[in-house]
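1. Sequence and predicted model, in that order:
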Amino acid sequence: MRKIKILDDDHSKITTPLYPWFNHNDIKGHKVLLGIGGNVGDVVRRFERLYWYLRRSPFVAIVQTSPILRNPPFGYADQPDFYNALILIKTYLTPHELLDYILRIEKQFGRKRSFKNAPRTLDIDMIKYAKRTMVTPKLILPHPFWTTRSSVLMPLEWMKGI
């Protein structure tokens with residue numbers, strides 16, 4: 001069951017049985033914060049499918065999810081609102097191995113990269129990887145814009161102890 005709470009003219013908070021969710025078990029590995037988003041099709045249902053996909057993954061363990069935020073697009077504004085959430089995971093994959101894994105998941109969920117900030121079925125960003133900082137041609141950690149995006153900051157406020 002989805003519950004929607006209007007926060008202001010631009011933002012709504014959506015909760016489902018899986019968003020937010022918290023795992024009380026002690027999980028080993030590197031703590032990684034993922035940002036997920038999308039605005040094509042039934043995104044909330046896709047987020048729930050992603051949750052179960054990750055729960056079955058041998059490479060990551062879900063620690064916590066945030067509620068889902070509906071918010072306006074940025075960059076290319078002539079498109080539907082976005083839905084965004086955060087997923088805290090633990091993994092033993094290196095940052096680049098995790099990036100490759102994330103890109104494969106996006107492709108499996110129908111992601112097509114037509115132009116910058118285009119509408120998408122699923123976008124997964126690595127916001128933070130433990131306390132690592134990194135600048136490579138493929139990956140910058142922490143994510144360079146996370147501190148300026150309501151799509152990250154608002155869900156982060158709703159998470160426990162991050």
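-> That came through fine.
2. so Trp21 touches Leu54, yeah?
-> No - here Trp21 lies out of contact with Leu54, judged by CB atoms under 8 Å, at a distance of 11.1 Å. For every residue, glycine as well, the C-beta is placed using N, CA and C.
3. anything in contact with each of these two?
-> Counting by CB atoms under 8 Å, 6 or more residues apart in numbering, the contacts common to Trp21 and Leu54 are Ile62.
4. quick one: low-confidence ranges for the protein?
-> Counting by pLDDT under 70, the chain shows no low-confidence range.
5. All the helices of it, residue numbers only.
-> Using DSSP state H, the helices found in the chain span residues 43-55, 95-108, 150-157.
6. In CSV, please show the C-alpha coordinates belonging to the first one.
-> Which is helix 43-55. The C-alpha coordinates for helix 43-55 follow below in CSV (Å, rounded to 0.1, in the frame of the first residue of the first chain):
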residue,chain,number,x,y,z
VAL,A,43,8.7,4.0,-10.9
VAL,A,44,7.5,3.1,-7.4
ARG,A,45,6.8,-0.5,-8.6
ARG,A,46,10.2,-0.5,-10.3
PHE,A,47,11.9,0.6,-7.0
GLU,A,48,10.2,-2.3,-5.3
ARG,A,49,11.4,-4.7,-8.0
LEU,A,50,14.9,-3.2,-7.5
TYR,A,51,14.7,-3.8,-3.8
TRP,A,52,14.0,-7.6,-4.3
TYR,A,53,16.6,-7.8,-7.0
LEU,A,54,19.2,-6.4,-4.5
ARG,A,55,18.0,-8.6,-1.7
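7. That one vs helix 95-108, what angle?
-> Angle between the axes of helix 43-55 and helix 95-108 is 130 degrees (criterion: axes from the mean of the first three to the mean of the last three CA atoms, to 10 degrees).
8. Now do the buried residues in helix 43-55.
-> Neighbour-count burial for helix 43-55, counted by 16 or more other CB atoms under 10 Å, picks out Val43, Val44, Arg46, Phe47, Glu48, Leu50, Tyr51, Leu54.
9. Tell me who's in contact with Asn39.
-> Going by CB under 8 Å, 6+ apart, the list of residues near Asn39 reads Pro73, Gln79, Pro80, Asp81, Phe82, Tyr83, Pro119, Arg120.
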